[in-house]
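Asker: Sequence and predicted model, in that order:
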Amino acid sequence: MDINTLINLKNDNKELNEEQYDFFVSSYLADKISDEEATKLLKAIFNNGMSEQELLGYTKSLVNSGETITWDTPNNVDKHSTGGVGDKVSIIVAPILKSLDISVSKISGRSLGHTGGTVDKLEAIPNFNPDISKEQFVKLVNENKIAVISQLPELVPGDKKLYSLRDVTGTVSSMPLIAASIMSKKIAAGAKYIILDVKYGSGSFNKTIEDARELGNAMKLIGESFDRKVEIIISSMEQPLGYAIGNGVEVNESIRFLKGLEQPEDLKELIYAVVSEFLIIINGVSKEEAFKLIDESISSGKAYKAFIDWAVSQGASESDIDAELYFQPKFKTYIRTEKAGYINFKDVEQFGVVTRDLLKTGRREKGDIVLPFTGMRLRVKLGDYVEKFDYLSAIYSEKELTPEEYETFKSLFTIQDDKPTVPPIIAEVIKW
């Protein structure tokens, strides 16, 4: 077997079998296939796609490239988002589930592109350590019912190496390659129940609901082939989720949510949907009962206490967290409107791009420095009416904004005479 045969077969739109994908993944991981050769096969897959059998075979090859985790408890859960602007759902969902006696074992990523990374956000908490070993990860989940960590080197190393290559060869946005990459990590991490929040819209990688549905169905197919229970929630990213964009800013919003102090409607709807679906399938409760359990968890303080316990178990100090992570940014600038009208967001992706580039909330390349306490706190949502001179957002920055930077932030908001259509936050659910 040789790589050129596989490249030629795939260029001719022929199917590759599991043995051939095993050869590709293991040989590339062992440096027996060059970057140039691997790129040719990735581009052939990018151009011609994969059949269902190929998708399953390739995913299995990625999983088998490293170790896997098997949990003692049968009810470990994981929740994953395909990425969006202001998406801090995992930071809120995880402690609520812990407070309701459901174990959360989650491996998350850092930011790359316009979307924020959960690990970067958690690292805004002083001394929070996401970089722990596989053994520590298992111990924390078994003993504390919760851990959210960065990628483990033992798990799916084949995907990690291939993703780095895809990132620089224009082959990231291939549906089967995305599905296999996400699900190989989920399968290796061992959770039995998985909810995938698949975004669509201008702030997402999937611009249409059809794209989101195709990706969701592919990931569900993979999960079920590995005996996992998988549910897909397709949600809108036609506006930033909640009010906060940035790392510490989003953690602060998460803490306020868990304390019951501020719960933006779109963020609340998505969080309640995710948690309730886990409660329904694991505990056998009704949706109404699940919502009551979530309300009680928050109002009683159990959810916030679970957050504290979680953060402390991964190195943080309770005194630092209990101050609600209120920080003093060096500069705080208010963006104001020059006319009255309704708020519209023409390109939500730009919120992520602009905060990344001007405030360093994320990274263009893997080595870029990410600042923990810069960001935006919006005052408005899609369809809100504002008066002339109302402020639209506060900008937290490490340096004073230049006039050009101010105008760039201001351009993110469109003020129009007619009220825009506000899509529902949850478009559809593909059930377990």
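Answerer: Yep, it's here. Numbers count the residues shown, from 1 in each chain.

Asker: Can you give me the distance of G362 to I271?
Answerer: Here the distance between G362 and I271 works out to 22 Å (C-beta to C-beta, to the nearest Å). Glycine gets a C-beta too; all of them are placed from N, C-alpha and C.

Asker: If you could redo that for M175, that was the one I meant.
Answerer: Taken as C-beta to C-beta, the span from M175 to I271 is 27 Å.

Asker: Rounded mean pLDDT for stretch 371-383, please.
Answerer: On average, the pLDDT along stretch 371-383 is 96.

Asker: How about that stretch, which residues are buried there?
Answerer: Neighbour-count burial for stretch 371-383 flags L371, P372, F373, T374, G375, M376, R377, L378, R379, V380, K381, L382 (criterion: 16 or more other C-beta atoms under 10 Å).

Asker: go on, stretch 386-397?
Answerer: For stretch 386-397, burial by neighbour count (16+ other C-beta under 10 Å) applies to V386, D390, L392, S393, A394, I395, Y396, S397.

Asker: Give me the residue ranges of the stretch 251-400 of the chain where confidence is low.
Answerer: By pLDDT under 70, the low-scoring segments of the stretch 251-400 of the chain are 323-328.

Asker: What segments of it are helices?
Answerer: Remark: helices assigned in the stretch 251-400 of the chain by DSSP state H, counting those that start in this stretch are 265-283, 287-299, 302-313, 318-322, 349-359.

Asker: Name the residues that touch stretch 122-137?
Answerer: In this structure, residues lying in contact with stretch 122-137 by C-beta atoms under 8 Å, 6 or more residues apart in numbering are 67, 69, 91, 105, 108, 119, 140, 147-150, 152, 154-155, 247-248, 251, 311, 314-317, 320-321, 325, 372-373.

Asker: swap that for stretch 171-183, please
Answerer: In contact with stretch 171-183 (C-beta under 8 Å, 6+ apart) are residues 39, 42-43, 45-46, 49-50, 54-55, 58-59, 62, 80, 82, 159, 162-163, 165-166, 196, 205, 211, 214-215, 218-219, 222-223, 226.

Asker: mind listing what's buried in that stretch?
Answerer: For stretch 171-183, the neighbour count (16+ other C-beta under 10 Å) marks T171, V172, S174, M175, P176, L177, I178, A179, A180, S181, I182, M183 as buried.

Asker: now stretch 253-271
Answerer: For stretch 253-271, by 16+ other C-beta under 10 Å, it's 253-259, 263-264, 266-268, 270-271.

Asker: OK, contacts around T355?
Answerer: With the criterion set at C-beta under 8 Å, 6+ apart, T355 makes contact with I245, G246, T361, G362, T374, G375, M376.

Asker: ranges for the strands of the stretch 301-432 of the chain?
Answerer: Here the stretch 301-432 of the chain has its strands, by DSSP state E, counting those that start in this stretch, at 331-336, 341-344, 375-378, 385-386, 391-397, 414-416, 426-430.

Asker: Dump those to TSV, plus distance to A303.
Answerer: Below are those laid out as TSV (distance: least, C-beta to C-beta, whole Å):
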stretch	distance to A303
strand 331-336	29
strand 341-344	30
strand 375-378	22
strand 385-386	33
strand 391-397	26
strand 414-416	36
strand 426-430	21
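
Asker: Nearest to G352 among those would be which one?
Answerer: Comparing the strands of the stretch 301-432 of the chain by their distance to G352 (C-beta to C-beta), the top pick is strand 375-378, with 10.3 Å.

Asker: ok, the closest one: who's next to it in the sheet?
Answerer: Paired strands of strand 375-378, with direction, are strand 244-246 (antiparallel), strand 391-397 (antiparallel) (DSSP bridges).

Asker: Turn those into a markdown table, columns for distance to P424.
Answerer: Listed next are these as a markdown table, based on distance: least, C-beta to C-beta, whole Å:
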| stretch | distance to P424 |
| --- | --- |
| strand 244-246 | 21 |
| strand 391-397 | 23 |
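
Asker: Quick one: closest of those to E405.
Answerer: strand 391-397 (8.3 Å).

Asker: That closest one vs strand 331-336, what angle?
Answerer: With axes from the mean of the first three to the mean of the last three C-alpha atoms, to 10 degrees applied, the angle from strand 391-397 to strand 331-336 works out at 160 degrees.

Asker: residues in contact with strand 391-397?
Answerer: The contact list for strand 391-397 (C-beta under 8 Å, 6+ apart) reads 246, 249, 329-337, 343, 358-359, 373-380, 386, 401, 409-410, 413.

Asker: got it, and stretch 415-428?
Answerer: Contacts for stretch 415-428 (C-beta under 8 Å, 6+ apart): 200-201, 209, 212-213, 233-236, 238-239, 266, 269-270, 273, 337, 339-344, 382-383, 385-386.
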